[in-house]
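K.L.:
Prediction below, plus the sequence it came from.
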Amino acid sequence: MTEAQLKLANVNINVVVGQSVRALIQDVNLEIQPGEFVTVLGTNGAGKSTLFNAITGDLPLASGTVTLAGQDISTERPERRARLIARVFQDPKMGTAPRMSVAENLALASRRGQRLTLASRKLNSQLAHFKELAAQTGNGLEDALNKPTEQLSGGQRQALSLLMATMRNPELLLLDEHTAALDPHTSAAIMTLTDKIVQQNHLTCLMITHQLADALKYGNRMIILDAGRIVADYDAEAKAGLQEADLLQYFN
Ligand SMILES: Nc1ncnc2c1ncn2[C@@H]1O[C@H](COP(=O)(O)OP(=O)(O)OP(=O)(O)O)[C@@H](O)[C@H]1O
């Protein structure tokens, strides 16, 4: 059996609220294989984003370990983990620098995790590659390479965030409701793009969504969280047999 790409072992996260300690993540054990695309469902407040924060190091573990690509990263600072983990958020404004052009944003992302001395490739020499990358978004991003990203539509900006997050093949891609702020048509286009990028690059990916249809349609595994615990874990075969109605029990 191949080694898990991501392994969470006995992970607990607690926060102090007033005089008491509240458990946000409870005894989570999870192994994700290289190339698995896992959709993550659960009610508001179930702990989905907190689980991502456990992986990225944005919240400290009360106990347990997080291992990524064979490395125990449990005590690594979030900045160091960001070299291995890419995250796309709900808000299209989160992933890009607004005053910088699309090409400049892509250039920044292409140098992620490298020393500055290695970053000397001129922007112009990368433009043809960026145009090709942007063209796969299907929303005209390739004609906006010189525009500041603040002038892009939400869909274009989220497509750019996705390209930036994935262009250096992260060890793990975390999608945190990344289509939730988009209209249905744009959301569908970004999901198609997401799936294409994940498949093409054989990425290991966790995607939080409230769209049951997307959770069923995309990915090859599904986990469901409730009150900080994983309460269901469907493999590809079990997932393929699920209907939206089967999932409603988890939202009562
Ligand atoms: N840093 C924190 N301090 C205190 N409580 C927190 C903190 N982060 C999250 N919580 C609480 O933990 C619970 C889980 O939050 P989380 O954001 O992980 O839920 P979620 O499943 O992502 O929900 P949603 O679908 O609404 O985004 C919530 O009750 C939230 O208020």
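P.N.:
It's in.
K.L.:
contacts for stretch 137-152?
P.N.:
By CB atoms under 8 Å, 6 or more residues apart in numbering, the residues outside stretch 137-152 that reach it are 96-103, 105-106, 127, 130-132, 134-135, 153, 155-157, 159-160, 163, 186, 189, 192-193. Quick note: C-beta positions are derived from backbone N, CA and C, even for glycine.
K.L.:
now do the same end-to-end measure for it.
P.N.:
Stretch 137-152 has an end-to-end distance of 13 Å (CA to CA, to the nearest Å).
K.L.:
List the buried residues for that stretch?
P.N.:
137, 139, 141, 142, 144, 145, 148, 149, 152 (16 or more other CB atoms under 10 Å).
K.L.:
Tell me which of those fall in helices.
P.N.:
Judged by DSSP state H, helices contain none of the buried residues of stretch 137-152.
K.L.:
Who are the contact partners of residue 225?
P.N.:
Counted by CB under 8 Å, 6+ apart, residue 225 has contacts 40, 41, 42, 46, 47, 48, 51, 231.
K.L.:
so which of those also contact the ligand?
P.N.:
42, 46, 47, 48 (CB under 6 Å from any ligand atom).
K.L.:
For those residues, work out which two are farthest apart.
P.N.:
Between any two of these, the greatest separation by CB to CB is 7.0 Å, found for 42 and 47.
K.L.:
how many other residues sit next to the closest residue to residue 178 other than its chain neighbours?
P.N.:
The shortest distance from residue 178 to any non-neighbouring residue, by CB to CB, 6 or more residues apart in numbering, is to residue 88 (4.3 Å). Around residue 88 there are 24 other residues, counting by other CB atoms under 10 Å.
K.L.:
Dig out what residue 88 forms beta bridges with.
P.N.:
According to DSSP bridges, the residues that bridge with residue 88 are residue 175.
K.L.:
how much space between residue 235 and the ligand?
P.N.:
22 Å (CB to the nearest ligand atom, to the nearest Å).
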